[in-house]
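A.B. asks: Model the structure of this input:
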Amino acid sequence: MRETNEDASAYAGQRATAESIERGGGGLSVSDLLARVVPAAVPAHSATAADGSPDADPPPDVDVLAAVIAAAAGRHLPEGQLAPDADFFDAGGSSVNAVELVAELEEELGIEVDLDEVFADARPSSLARRWARIPGIRAVAPTVTTAGHSTAGTTTALPVPSPRTPPATAARSAEPAHGPHTTARREDLDQILADLALADRLPFIAAPEPLPPRRILLTGATGFLGSHMLLDLLRHSDAHVYCLVRAADEEAAETRLGEALRSYRLPWSTEVRRRITVLPGDIRRPHLGLSEERWNELAHELDGIVGVAAAVDFLRGYQSLRASNVLGTLALAELAAAGRPKPLHHISSIAVFNEVGITSMGEDDPLAHADR
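C.D. replies: Sure, this is the predicted structure:
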């Protein structure tokens, strides 16, 4: 009973801290928040079964492990499912959901799960590749019926802890300097360099003509900042605004945009609808998820692009933010350079200043050391 109460208390503490993250951190630094959320270490165990001895169970298949992580993650998402290569946060997961998922995975896999790793790259396939190397994670149950919206009534091979092996905290803490964390940082650096190479391939173009814009593409119009940006563009120009909205089709995209504007108490009138065109798409997909015909049309007709859409949960790592914030921005830059040259106005977060205690800042302040 005592252990149950202690577990419940620890879980309540993790959830409270995650809710603090959702509210903005409560004055704590990112490192302090992560230190509070990462589960406390459990008693060390004998590494007999994790040191490659004959009694040790074979490591789980990476694909099976990814499927298990995806199934568990799906139980904490609005849609009830998650593909192994999809990002948990992009699918609607929050910081609170991540803490709940970590608690479930620790019990299911029999290892200590670092919440920081989930924030760094929340794709089940990526987590499986890293965790499959951890001593103590075992696949001893051939089939276990999984619950959940998308997998009910099916069976999935689950890697579960061996009865001989408690959660693998001691073995993981003894990992060498080239363990999963170092590997993850190296993978991030390799990916950053590859993405910089993609940016270098963008063509040099002539400066756009300084003319009042007639047609503007806006991303992020369903967010708080983007919705106000949309209304400002309509009020202070005569431009027609194309709004890229993540949705299955044009009708769903228009419905989503209208609901967003009304939720912020902004007008969704006939005049507003007359001056906008809603485009179903996704900044995380090649060519913004647009058809080739639509892409070419925009390339030759747009006078400007305003990029507001972004993932702004900065507890997430580069791999988790890459699709929205890096590839999405590259796609906008590619569109700006295609056809007739057009300016790209990229709206960034105030987090780029990366300083603490700044009382004010201006548009022309340098990003580094803005407090000096």
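
A.B. asks: Show me how the chain divides into domains.
C.D. replies: Residue ranges for the domains of the chain, per automatic domain parsing: 53-164, 215-353.

A.B. asks: Worst mean pLDDT among those?
C.D. replies: Of all the domains of the chain, mean pLDDT reaches its minimum on domain 53-164 (a mean of 75).

A.B. asks: can you count the residues close to the nearest residue to E301 once chain neighbours are set aside?
C.D. replies: Distances taken as Cβ to Cβ, 6 or more residues apart in numbering place R215 nearest to E301, at 5.5 Å, with adjacent residues excluded. Using the backbone N, CA and C atoms, a C-beta is placed for each residue, glycine as well. Burial measure for R215: 15 neighbouring residues, criterion other Cβ atoms under 10 Å.

A.B. asks: And L196, by the same measure?
C.D. replies: Under the neighbour criterion other Cβ under 10 Å, L196 is assigned a count of 10.

A.B. asks: Can you check the distance spanned by stretch 199-218, start to finish?
C.D. replies: By Cα to Cα, to the nearest Å, the extent of stretch 199-218 from end to end equals 21 Å.

A.B. asks: where do the strands sit along this structure?
C.D. replies: Per DSSP state E, the chain carries strands over the ranges 141-145, 155-158, 215-219, 240-245, 276-280, 304-307, 344-346.

A.B. asks: what about stretch 256-276, how long is it end to end?
C.D. replies: End residues of stretch 256-276 are separated by 14 Å (Cα to Cα).

A.B. asks: Pull out the buried residues from that stretch.
C.D. replies: For stretch 256-276, the neighbour count (16 or more other Cβ atoms under 10 Å) marks 256-257, 260-261, 272, 276 as buried.

A.B. asks: Then stretch 71-87?
C.D. replies: Of all the residues in stretch 71-87, those buried under the rule 16+ other Cβ under 10 Å are 71-77, 81-84, 86-87.

A.B. asks: Just the terminal-to-terminal distance for that stretch.
C.D. replies: Distance between the two ends of stretch 71-87: 13 Å, counting by Cα to Cα.

A.B. asks: Please apply the same query to stretch 322-330.
C.D. replies: Start-to-end span of stretch 322-330 (Cα to Cα) is 11 Å.

A.B. asks: from the buried residues of stretch 256-276, which two are the most distant?
C.D. replies: For these, the farthest-apart pair by Cβ to Cβ is R256 and V272; their separation is 14.7 Å.

A.B. asks: got the contact list for stretch 284-301?
C.D. replies: Here stretch 284-301 makes contact (Cβ atoms under 8 Å, 6 or more residues apart in numbering) with 90, 215, 217, 219, 242, 244, 246, 279-283, 323-324, 327-328, 331-332, 335, 338-340.

A.B. asks: If any of these are buried, give me the PyMOL selection for them.
C.D. replies: The buried residues among the contacts of stretch 284-301 can be selected in PyMOL (16+ other Cβ under 10 Å) with this line:
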select buried, resi 90+217+219+242+244+246+279+280+281+282+283+323+324+327+328+331+332+335+338+339
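
A.B. asks: and E209, which of the domains of the chain is closest to it?
C.D. replies: Evaluated over the domains of the chain, closeness to E209 peaks at domain 215-353, with 8.0 Å, by Cβ to Cβ.
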